[in-house]
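Enquirer: okay, here's the prediction I keep looking at, along with the sequence it came from:
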Amino acid sequence: MSSNDTLLSIERLCVSAKAKPDHMLVNDVSLTLAQGKTTCIVGESGSGKSLTALSILKLLSPQLQTRGRIVFQGQDLSALNEQAMQGIRGKQIGMIFQEPMTSLNPVLTIGFQIGEPLTTHLNLHGDALKTRVSALLAQVGIDPLRANSYPDELSGGQRQRVMIAMSIACKPQLLIADEPTTALDVTVQAQVLQLLDRLKQEMHMGMLFITHDFGVVADIADDVVVMFRGDIVEQGSVQQVLNHPQHPYTQALLDCVPDAAGKKMLKPMTYDWLPTPPAGASHA
Ligand SMILES: Nc1ncnc2c1ncn2[C@@H]1O[C@H](COP(=O)(O)OP(=O)(O)OP(=O)(O)O)[C@@H](O)[C@H]1O
Ligand SMILES: [Mg+2]
C-alpha cells in the first residue's frame, strides 16, 4: 500500500497491565488501513481486539500502559494530549463500542443523543441541528419522527442503528466498530452489517471492524488481521486469508464457521499447533 492512501497505521503497539508489565495483552501489533477500505480484526475472546481498538482512541483503562505509535492521517496520536484527543474522538474517528445496549443513555431521547456530537464538534444548534438529526435517522433507516423516543422504546436493532447514526454524525474518516452486531439476532445482524457497509461506501470512510465471526469477515473485509492471545498470527487480503490460510489458528477458526444451518460448529477448536509449555508454566 502506498503511504499516501494510508488512513491509519498502528506501529508495534504493545499493551500490558502496569502491575504486570512483562505479560503482553497486545504484543507488537502493526497494521495499516487504507482510505475507504475495511480491515477486520478477528480472533477469539480475550485475544486483544478491543484493547487494540481502544488504544487508537486512547481510551484504555488507567491500569494499562502502551508502547508503539498510532498514526492517523499522518498525525501521531500517541503524542497528543487528552484535549486534542477529544477533538478527534467522534469527529474524525467514530466508534461503535462493543456493548451498544449500555452505551446509550436511557433518560435522554435518541434525537438528543445523536445531536450531541454535532453540537460539541460542529457547533450545530436549533433548526440546523434538528434537520441534520432527522437526516441521520433517515440515513440509518429509522423514521425521523422517532427522534423523541427513548432508547428503551426501540428494538435492539434500532438502538444499534442509533449508535451508528451517532458514530457517523460528524462524517468521520475512520469508523471503528467493535463487534457491533454480536448482540443482535441473525437477520438483524445482516441488516446492520449491510447498513455499515453502505455507509462506509457512501461516506468513503475507512473501517476497522472487530469480530470473532469469519462469516462477517467474508462479507465485508478487504484485509484481515488474525489475533491470538495478543499476537497477530496472520494478516493479509481477505482472499489470501480465507482461501489460503497460512496459520493453523486461522485454519482452526475457519473450521469453526457455522454450517449453512447457521448453528452447528463443524469442528471443535484445537490448539495442537501450540508449543507445549514447559512443565509448571501457565498461560496467564
Ligand atoms: N484493565 C485490564 N486490566 C488487565 N487485563 C485486562 C484489562 N482489560 C483487558 N484485559 C485483558 O486483556 C486481554 C484482551 O482483552 P480484550 O478486551 O482486548 O479482548 P477481546 O479480543 O476484545 O475479547 P472479546 O472478543 O471477548 O471482546 C484479556 O485477557 C483481558 O482479560
Ligand atoms: Mg472485545
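Expert: Ah, there it is. What you see is a predicted model, and the numbers here were worked out from it, not measured in a lab. Numbering: from 1, shown residues only. Ligands and ions are numbered 1, 2, ... in the order given.

Enquirer: how close does the residue in the stretch 151-284 of the chain that ligand 1 sits nearest to sit to residue 44?
Expert: Residue nearest to ligand 1 within the stretch 151-284 of the chain (Cβ to the nearest ligand atom): residue 212, separated by 5.4 Å. Every residue, glycine included, has its C-beta placed from N, CA and C. Distance from residue 212 to residue 44, counting by Cβ to Cβ, to the nearest Å: 6 Å.

Enquirer: looking at these two, which has the bigger crowd around it?
Expert: residue 212 (18 against 15; other Cβ atoms under 10 Å).

Enquirer: pretty sure that one sits against residue 42.
Expert: Yes: proximity of residue 212 to residue 42 meets the contact threshold set by Cβ atoms under 8 Å, at 6.3 Å.

Enquirer: so what sits against both of those two?
Expert: Common neighbours of residue 212 and residue 42, using Cβ atoms under 8 Å, 6 or more residues apart in numbering, are residue 49.

Enquirer: what sits against residue 169?
Expert: 90, 94, 114-115, 117-118, 132, 136.

Enquirer: repeat for residue 174
Expert: Residue 174 neighbours (Cβ under 8 Å, 6+ apart): 7-8, 33, 72, 92-94, 205-208.

Enquirer: let's see that with 7 Å instead.
Expert: With contacts defined as Cβ atoms under 7 Å, 6 or more residues apart in numbering, residue 174 is in contact with 7-8, 72, 92-93, 205-206, 208.

Enquirer: and if you look at residue 111?
Expert: Applying Cβ under 7 Å, 6+ apart, we find residue 111 in contact with 133, 147-148.

Enquirer: of those, buried ones?
Expert: Buried by 16 or more other Cβ atoms under 10 Å: 133, 147, out of the contacts of residue 111.

Enquirer: can you list the residues that contact the strand ranked longest in the chain?
Expert: Longest strand of the chain, by residue count under DSSP state E: strand 20-34. For strand 20-34, the surrounding residues in contact (Cβ under 7 Å, 6+ apart) are 1, 5-17, 39, 48, 51-52, 206, 208, 225, 230-232, 235, 284.

Enquirer: just the buried ones from the residues you listed, in PyMOL syntax?
Expert: For the buried members of the contacts of strand 20-34, the matching PyMOL selection, counting by 16+ other Cβ under 10 Å, is:
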select buried, resi 6+7+8+9+10+13+14+15+16+39+48+51+52+206+208+225+230+231+232+235
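
Enquirer: which parts of the stretch 1-150 of the chain are helices?
Expert: Ranges of helices in the stretch 1-150 of the chain, per DSSP state H, counting those that start in this stretch, are 49-56, 82-88, 100-103, 110-122, 126-139.

Enquirer: so where's the stretch 1-150 of the chain uncertain?
Expert: Across the stretch 1-150 of the chain, the ranges flagged by pLDDT under 70 are 1-4, 100-101.

Enquirer: for it, which residues are neighbours of ligand 1?
Expert: Within reach of ligand 1 by Cβ under 6 Å from any ligand atom, the stretch 1-150 of the chain has these residues: 17, 25, 43, 45-51, 61, 63-64, 98.

Enquirer: give me the buried entries from these.
Expert: Among those, the ones that count as buried by 16+ other Cβ under 10 Å are 25, 43, 47-51, 64, 98.

Enquirer: dump the residues you listed into CSV; add distance to residue 182 as well.
Expert: Formatted as CSV, these follow (distance: Cβ to Cβ, whole Å):
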residue, distance to residue 182
25, 20
43, 13
47, 14
48, 17
49, 12
50, 12
51, 17
64, 23
98, 8
